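Visitor: 3D, please:
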Amino acid sequence: MSTKAIVTSASPDLFPVLETVSKPCNSKNKIEKVVNWLGEVMDDEDENAAGLSAVQIGEPQRIFLARVKGYQWRVFINPEIISRSRYSAKRVEGCLSLPGVAVMVKRPKHIQLKFKREFDGPEEIENFSYKDSRVISHEMDHLEGRLLTHIRDEQDLKAVNNAHQKLKDRKARAKKRRKRQNSR
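Guide: Alright, predicted model coming up:
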């Protein structure tokens, strides 16, 4: 069992962290701690999950794990997309932070990414295509404080609005609960 959990739309007090732009991580200890937390959380997660960013566990650092190129999990530290193909494809995506929400998203078919695998390791540049490009682009959106709900297509507006309304309702209930507790 992990000491961290995925921040979701069901956690209204923590949810705003998902809209935080993540900062580069330059501390070896912090990187190791965050990577361990991400690994622990993913061990508890569905085997179909494709990636998890540090901000999704409440740590706005530029780190994520992803299943790409046949690897079980790969670590990406301080990643930066340095090029995108002009060709794109639309696919339905889900997100661990937005359970039950599926959104049609247009993503580049190919990207080139600069990143490190470990703190002391060399900076690498690697090309990713199709599903791998989509997974990495999704995680990069998290690092930029963007959720699927920010990049949605019009056809999914109803589902997104329902998810946001549920979040607003949860926040209002939580606020009322805190107010009652403080008045005692």
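Visitor: you'd agree K30 is in a strand?
Guide: No - the assignment for K30 (DSSP: H, G, I helix; E, B strand; the rest coil) gives helix, which keeps it out of a strand.
Visitor: Give the bridge partners for the nearest residue to it once chain neighbours are set aside, please.
Guide: Spatial nearest neighbour of K30, excluding adjacent residues (CB to CB, 6 or more residues apart in numbering): Q61 at 6.7 Å. Heads up, the C-betas are built off the backbone N, CA and C, glycines and all. With DSSP bridges as the criterion, Q61 is bridged to K23.
Visitor: quick one: Q61 from E118, how far?
Guide: Between Q61 and E118 the computed distance is 14 Å (CB to CB, to the nearest Å).
Visitor: Give the residue from those two that has the larger number of neighbours.
Guide: Q61 (23 against 12; other CB atoms under 10 Å).
Visitor: Which residues are in contact with the more buried one?
Guide: S22, K23, P24, C25, K30, I31, V34, A54, V55 (CB atoms under 8 Å, 6 or more residues apart in numbering).
Visitor: Surely the last one is in contact with D141?
Guide: The one in question is V55. No - in this structure, V55 is not within contact of D141 by CB atoms under 8 Å, at 10.2 Å.
Visitor: how about stretch 110-121: buried residues?
Guide: H110, I111, L113, F115, K116, F119 (16 or more other CB atoms under 10 Å).
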